[in-house]
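J.: this one's structure only:
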């Protein structure tokens, strides 16, 4: 009799846990569905913000004019219906802490865009949009963070206020066109600078920017043709 009662308790407990599990699954599914669209919109907004940073003035929606090739996503910037520049996003898993995602602005001739020249230094259309590198080292290689001080808060914004801040590593790619030889940092025999203490991050950034730029150069005609098509 006792064993029968224990068996009945186990069955009841199993049914109860099953019901709880089913309810939990339904609740999770509901909230996943509820947040899917806002998350999608948020990610698209992040992409659009990056596109504005690396592209010249455009009057279309580059996020709706895309073409993927060899792991790189290309976006077309148009002005009066004509393709004027291309942005490209690609990634590498060779960062010190894993994945690094870059957004690169490209001229139609394959050169990495030079956004402006500030104080004699070129500002490139290269942004790192995702990274988990070491704070103070790898993040310096990847970031374009405006430094705010007590003085800057009260200063009147200058003519370059709307430009992204300079970055020694990212800006050395301005005006460069990817050839057949992969880009490397000087520490490994290449021509590109790196940050001491963040060599791995520097190499990863150099590598992913080359990958993006080279993919465009190799497939330039096809990419331009696809991005020049009328938007749906």
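T.: Good, I have the coordinates. Nothing here was measured: the structure is a model prediction, and the numbers come from that model.

J.: mind listing what's buried along stretch 112-129?
T.: 112-116, 122-129 (16 or more other Cβ atoms under 10 Å). Any C-beta I mention is one placed from the backbone N, CA and C, and that applies to glycine too.

J.: and the contacts of that stretch?
T.: With contact meaning Cβ atoms under 8 Å, 6 or more residues apart in numbering, stretch 112-129 is reached by 46-47, 50, 53-56, 85, 87, 89, 100-107, 142-144, 160, 163-164, 166, 170-177, 205, 209, 213.

J.: quick check: ChimeraX command selecting the buried ones in the residues you listed.
T.: Selecting the buried subset of the contacts of stretch 112-129 in ChimeraX, with 16+ other Cβ under 10 Å as the burial test, is done by:
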select :47,50,53,54,55,85,87,89,100,101,102,103,104,105,106,107,142,143,144,164,166,170,171,172,173,174,176,205,209,213
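
J.: list just the nearest of the buried residues of stretch 112-129 to residue 220.
T.: residue 112 (13.6 Å; Cβ to Cβ).

J.: could you measure from the closest one over to residue 134?
T.: 26 Å (Cβ to Cβ, to the nearest Å).

J.: biggest strand in the protein by residues?
T.: strand 82-95 (DSSP state E).

J.: next structured bit after that strand?
T.: strand 98-106 (DSSP states H and E).

J.: next, the angle from that following strand to strand 82-95.
T.: Counting by axes from the mean of the first three to the mean of the last three Cα atoms, to 10 degrees, strand 98-106 lies at 160 degrees to strand 82-95.

J.: tell me the first helix or strand C-terminal of strand 98-106.
T.: Past strand 98-106, the next helix or strand by DSSP H and E is strand 114-118.

J.: got the angle between that following strand and strand 98-106?
T.: Using the same axes, to 10 degrees, strand 114-118 lies at 90 degrees relative to strand 98-106.

J.: what about the nearest residue to residue 168 once chain neighbours are set aside, how many residues nearby?
T.: Leaving aside its chain neighbours, residue 168 sits nearest to residue 193 (6.5 Å; criterion: Cβ to Cβ, 6 or more residues apart in numbering). When neighbours are defined as other Cβ atoms under 10 Å, residue 193 has 14 of them.

J.: same check on the one 3 residues further on?
T.: Residue crowding around residue 196 was assessed by other Cβ under 10 Å; the count is 8.

J.: can you check residue 90 too?
T.: Neighbours of residue 90 using other Cβ under 10 Å come to 22.

J.: need the pLDDT of it.
T.: Residue 90 carries a pLDDT value of 96.

J.: next: residue 195.
T.: 91.

J.: also residue 208?
T.: 97.

J.: how about it, what does it touch?
T.: If you count contacts by Cβ under 8 Å, 6+ apart, then residue 208 has 90, 91, 92, 94, 100, 101, 102 around it.

J.: do that again at 6 Å, thanks
T.: By Cβ atoms under 6 Å, 6 or more residues apart in numbering, residue 208 lies in contact with 90, 92, 100, 102.

J.: looking at those residues, which one is closest to residue 223?
T.: Looking across those and measuring by Cβ to Cβ, the closest to residue 223 is residue 90, at 13.0 Å.
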